[in-house]
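what follows is a protein structure lacking sequence information:
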(Lines give C-alpha, C1' and ligand atoms only; values in the text may rest on other atoms or scores of the structure.)
Protein backbone atom coordinates (compact mmCIF):
# COMPACT_ATOMS: atom_id res chain seq x y z
CA UNK A 1 0.00 0.00 0.00
CA UNK A 2 1.45 3.34 -1.07
CA UNK A 3 1.48 6.15 1.53
CA UNK A 4 -1.14 8.73 0.71
CA UNK A 5 -0.45 12.38 0.13
CA UNK A 6 -1.87 14.84 2.62
CA UNK A 7 -2.07 18.52 1.99
CA UNK A 8 -1.39 21.00 4.76
CA UNK A 9 -4.80 22.48 4.01
CA UNK A 10 -6.51 19.23 5.04
CA UNK A 11 -4.78 19.27 8.42
CA UNK A 12 -5.09 23.01 9.07
CA UNK A 13 -8.83 23.15 8.37
CA UNK A 14 -9.82 20.59 10.99
CA UNK A 15 -12.54 22.08 13.20
CA UNK A 16 -11.66 23.21 16.71
CA UNK A 17 -13.48 21.82 19.73
CA UNK A 18 -15.59 24.18 21.84
CA UNK A 19 -13.76 25.39 24.98
CA UNK A 20 -15.97 23.52 27.45
CA UNK A 21 -16.09 20.23 25.55
CA UNK A 22 -14.34 17.15 26.88
CA UNK A 23 -11.15 16.48 24.92
CA UNK A 24 -11.43 13.15 23.04
CA UNK A 25 -8.86 10.64 24.25
CA UNK A 26 -7.08 7.82 22.46
CA UNK A 27 -6.13 5.37 25.19
CA UNK A 28 -3.15 3.06 25.46
CA UNK A 29 -4.86 -0.01 23.97
CA UNK A 30 -6.37 1.89 21.03
CA UNK A 31 -3.03 3.61 20.40
CA UNK A 32 -1.26 0.25 20.46
CA UNK A 33 -3.75 -1.12 17.90
CA UNK A 34 -2.96 1.84 15.61
CA UNK A 35 0.78 1.11 15.53
CA UNK A 36 0.68 -0.74 12.17
CA UNK A 37 -1.09 2.29 10.64
CA UNK A 38 1.52 4.65 12.10
CA UNK A 39 4.31 2.50 10.69
CA UNK A 40 2.75 2.57 7.20
CA UNK A 41 1.95 6.30 7.10
CA UNK A 42 2.17 8.35 10.29
CA UNK A 43 0.97 11.64 8.78
CA UNK A 44 -2.10 10.00 7.21
CA UNK A 45 -2.86 8.29 10.54
CA UNK A 46 -2.67 11.59 12.44
CA UNK A 47 -4.91 13.23 9.80
CA UNK A 48 -7.45 10.40 10.14
CA UNK A 49 -7.42 10.73 13.93
CA UNK A 50 -7.99 14.48 13.64
CA UNK A 51 -10.89 13.95 11.24
CA UNK A 52 -12.41 11.33 13.52
CA UNK A 53 -12.00 13.15 16.86
CA UNK A 54 -11.67 16.85 15.98
CA UNK A 55 -9.11 19.61 16.38
CA UNK A 56 -7.74 18.55 19.79
CA UNK A 57 -6.98 14.93 20.65
CA UNK A 58 -5.32 13.57 23.82
CA UNK A 59 -3.12 10.47 23.59
CA UNK A 60 -2.72 8.48 26.80
CA UNK A 61 0.05 5.93 26.60
CA UNK A 62 3.21 5.79 28.66
CA UNK A 63 2.83 9.60 28.82
CA UNK A 64 0.11 12.03 27.79
CA UNK A 65 0.45 14.07 24.62
CA UNK A 66 -1.88 16.08 22.41
CA UNK A 67 -2.57 16.47 18.71
CA UNK A 68 -3.56 20.04 17.78
CA UNK A 69 -4.70 20.89 14.27
CA UNK A 70 -6.20 24.37 14.73
CA UNK A 71 -3.58 27.03 13.90
CA UNK A 72 -4.66 29.34 16.74
CA UNK A 73 -4.30 26.49 19.26
CA UNK A 74 -0.85 25.63 17.92
CA UNK A 75 0.24 29.27 18.13
CA UNK A 76 -1.10 29.51 21.70
CA UNK A 77 0.79 26.42 22.88
CA UNK A 78 4.05 26.98 21.02
CA UNK A 79 4.38 30.75 21.05
CA UNK A 80 1.82 32.97 22.79
CA UNK A 81 1.54 31.07 26.09
CA UNK A 82 4.32 28.51 25.71
CA UNK A 83 5.56 28.70 29.30
CA UNK A 84 2.33 27.12 30.57
CA UNK A 85 2.83 23.94 28.54
CA UNK A 86 5.42 21.26 29.25
CA UNK A 87 7.44 20.16 26.27
CA UNK A 88 9.89 17.29 26.22
CA UNK A 89 13.66 17.47 25.86
CA UNK A 90 13.53 16.37 22.21
CA UNK A 91 11.19 19.26 21.36
CA UNK A 92 13.49 21.75 23.07
CA UNK A 93 16.59 20.42 21.31
CA UNK A 94 14.99 20.33 17.84
CA UNK A 95 13.10 23.63 17.97
CA UNK A 96 15.90 25.78 19.35
CA UNK A 97 14.94 29.42 18.85
CA UNK A 98 12.71 28.73 15.86
CA UNK A 99 9.52 29.96 17.55
CA UNK A 100 10.88 32.87 19.55
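Thanks, I have the structure now. Worth saying up front: this structure is predicted, and the values here are computed from it rather than measured.

from now on I want contacts and neighbour counts done on CA atoms only, so please keep to that.
OK.

averaged pLDDT, stretch 86-100. What do you get?
For stretch 86-100, mean pLDDT rounds to 64.

sorry, slip of the keys, the one I care about is stretch 46-60.
Mean pLDDT, stretch 46-60: 93.

list the buried residues for it?
Across stretch 46-60, burial judged by 16 or more other Cα atoms under 10 Å covers 46-47, 49-51, 53-60.

same question, stretch 61-70
So for stretch 61-70, counting by 16+ other Cα under 10 Å, buried means 67-70.

which residues in this structure form helices?
Assigned by DSSP state H, the chain shows helices spanning 8-12, 28-33, 35-40, 42-53, 71-75, 89-95.

between the buried residues of stretch 61-70, which is nearest residue 88?
Nearest to residue 88 among the buried residues of stretch 61-70, counting by Cα to Cα, is residue 67 at 14.6 Å.

which residues does that closest one contact?
If a contact means Cα atoms under 8 Å, 6 or more residues apart in numbering, then residue 67 has 46, 50, 55-59 as its contacts.
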